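> Sequence and computational prediction follow.
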Amino acid sequence: MEDTRLASTRLVRGFNALGLPVVSLQAGFANDGMPMGAQLVGRPWDEARLLRIAAALEERTGLHKRLSALAE
């Protein structure tokens with residue numbers, strides 16, 4: 001068993017320690033319908049650009065509007 005709090009931050013700890021901004025967004029679905037995500041990492045103090053890029057990707061793909069197999 002792993003602590004949920006630790007498991008949920010496992011993939012961002014290094015970026016947090018370096019002070020880099022990170023955003024996660026929907027990246028698609030696996031063959032079994034489970035959602036997959038992607039993390040984008042920005043330059044220090046460049047959160048605004050990172051959020052604009054993430055918003056543009058989200059708008060173009062429309063993946064955030066689709067339901068995963070978990071919701072069906």
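Thanks, I have the structure now.
> is the most centrally placed residue in the chain in a bridge, and if so with what?
Nearest to the mean C-alpha position of the chain, by Cα atoms, centre = their mean, lies Ser24 at 1.6 Å. Note on Ser24: beta-bridge partners by DSSP bridges are Gln39.
> List the contacts of it.
Contacts for Ser24 were tallied using Cβ atoms under 8 Å, 6 or more residues apart in numbering; they are Gly37, Ala38, Gln39, Leu40. Just so you know, the C-beta spots here come from the backbone N, C-alpha and C atoms, and that holds for glycine as well.
> who's in contact with the closest residue to the last one other than its chain neighbours?
Just to be clear, that refers to Leu40. Sequence neighbours aside, Val23 is the residue nearest to Leu40 in space, at 5.3 Å (criterion: Cβ to Cβ, 6 or more residues apart in numbering). Contact analysis of Val23 by Cβ under 8 Å, 6+ apart lists Gln39, Leu40, Gly42, Leu50, Leu51, Ala54.
> about what we covered before: pull out the buried residues from the contacts of Ser24.
Not one of the contacts of Ser24 meets the buried threshold, by 16 or more other Cβ atoms under 10 Å.
> all strands of this protein, in order?
Using DSSP state E, the strands of the chain run over 22-29, 35-41.
> Make a markdown table from the ones you listed and add mean pLDDT and distance to Thr4 to it.
Formatted as a markdown table, these follow (pLDDT from 0 to 100; distance: least, Cβ to Cβ, whole Å):
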| stretch | mean pLDDT | distance to Thr4 |
| --- | --- | --- |
| strand 22-29 | 88 | 17 |
| strand 35-41 | 89 | 17 |
